[in-house]
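Q: What follows is a predicted structure for the sequence shown.
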Amino acid sequence: MPELPEVETMVRGIRPVVSGRTIRDVVACLNSCKPISITPSFRVLRDHLVGKKVIDVRRLGKRIVFDVSGGANLVVEPRMTGLMVLANPPSTQHLRLRFDFRGRAEFDSLWFWDRRGLGTVTLLAPGDIKTRFGPEVLGVDALEMTVEAWIDCCGKSRREIKVVLMDQKMVAGIGNLYASEILHLAGINPMTPANELDRKSIRQLSVASQSILRTAIEDEGSTLGDGTYRNALSQSGKYQNRHRVYMREGQPCRICRNGKITRIVQAQRSTFLCQYCQGISLK
DNA sequence: ATTAATGTTCAGAA
DNA sequence: TTTCTGAACATTAA
């Protein structure tokens, strides 16, 4: 579930605690749970990181990037259920990796907890970090998506716009949850082929994307029913209370109050929508 | 007790 | 070339 707002929240929680600190040790598979995918290998990762200093922690799409002294990067991909926490992980069962820091402070370890274990951790050599990702929906300077980039991105695919929004090579940061929310705010039918959207709709998409994601960051992301997602201190997000459509099938639309939220399936994933707000005639 | 579904990504097939 | 399918894994609901 961690999408841009959740990953951004993790980074904001971790950065002030971890930046400037030296890695004392890295420990894998606490409580002997299964190892997650580590590239090139846990051994290499550990040997390289121990003794290095964390220069900065930042977000790239849905990934957490640690810049370490010497120029290498540690890239953590939470995928479905991965979390980076400084304390109180949801359970002791799925602690996959632990980073210990030198010196003494309020928090001396950073954990990678992952219930499903689909997350990945990659150590990249200096200079190897290049984004196979599209531009950021929210990002610094040139990395941030412009309306022109949106027009370009939509124009080159015939796939449904919902599917294109989730394609990280087109735009980095949007996943299944926020795609539904964004399209509802933009008043766009999720099934519309991306290349059939007019300029006005694309502009609305651009505005809606930034608006939804910014608000979700302010609310520290969405913690769904299973309670999996938490911030760095293991507290729940609040944005789920403001969901317009996601997981609200059958409930009245909060905006138009005309009808109920509908669930459809696109690319094997649930999409939630309001047929009135999004101009859809369902047969 | 099986089976399907769940937030993501990617390799390999169509 | 672009788009689609299934697999990686753990847990819950049906």
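A: Nice, I can see it.

Q: can we go C-alpha only for contacts and neighbour counts from here?
A: Fine.

Q: who in chain A is up against DNA strand C?
A: A:33-34, A:93-94, A:115-118, A:156-159, A:226, A:267 (C-alpha under 7 Å from any atom of the strand).

Q: got a pLDDT number for A:Leu282?
A: Here, the pLDDT recorded for A:Leu282 equals 72.

Q: burial measure for the residue nearest to it when sequence neighbours are not counted, as a count.
A: Nearest in space to A:Leu282, with sequence neighbours left out and distances taken as C-alpha to C-alpha, 6 or more residues apart in numbering, is A:Gln275 at 7.4 Å. A:Gln275: 20 surrounding residues under other C-alpha atoms under 10 Å.

Q: Over to A:Asn195?
A: A:Asn195 has 17 neighbours, counted by other C-alpha under 10 Å.

Q: who's in contact with it?
A: A:154-159 (C-alpha atoms under 8 Å, 6 or more residues apart in numbering).

Q: which of these tops the neighbour count?
A: That'd be A:Cys154 among these, by other C-alpha under 10 Å, with 24 neighbours.

Q: so what's it up against?
A: Here A:Cys154 is in contact with A:161, A:164, A:194-195, A:197, A:202 (criterion: C-alpha under 8 Å, 6+ apart).

Q: For it, which three-state class applies?
A: helix (DSSP: H, G, I helix; E, B strand; the rest coil).

Q: Likewise for A:Leu45?
A: Taken by three-state DSSP, the conformation at A:Leu45 corresponds to helix.

Q: Strands of chain A, residue ranges please.
A: In chain A, the strands defined using DSSP state E lie at A:23-28, A:37-39, A:54-60, A:63-68, A:73-77, A:82-85, A:95-101, A:109-114, A:120-124, A:262-266, A:269-273.

Q: would you turn those strands into a markdown table with distance to A:Leu138?
A: As requested, those are exported to a markdown table (distance: least, C-alpha to C-alpha, whole Å):
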| stretch | distance to A:Leu138 |
| --- | --- |
| strand A:23-28 | 30 |
| strand A:37-39 | 28 |
| strand A:54-60 | 10 |
| strand A:63-68 | 14 |
| strand A:73-77 | 18 |
| strand A:82-85 | 21 |
| strand A:95-101 | 28 |
| strand A:109-114 | 25 |
| strand A:120-124 | 23 |
| strand A:262-266 | 25 |
| strand A:269-273 | 23 |
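
Q: would you list those strands in TSV and tack on mean pLDDT?
A: As requested, the strands of chain A are arranged in TSV below (pLDDT from 0 to 100):
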stretch	mean pLDDT
strand A:23-28	97
strand A:37-39	95
strand A:54-60	96
strand A:63-68	96
strand A:73-77	96
strand A:82-85	96
strand A:95-101	96
strand A:109-114	96
strand A:120-124	95
strand A:262-266	94
strand A:269-273	95
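
Q: picking up where we left off before, now for the contacts of A:Asn195: which two are most distant?
A: Maximum pairwise distance in the contacts of A:Asn195, criterion C-alpha to C-alpha, is 10.2 Å, between A:Gly155 and A:Arg159.
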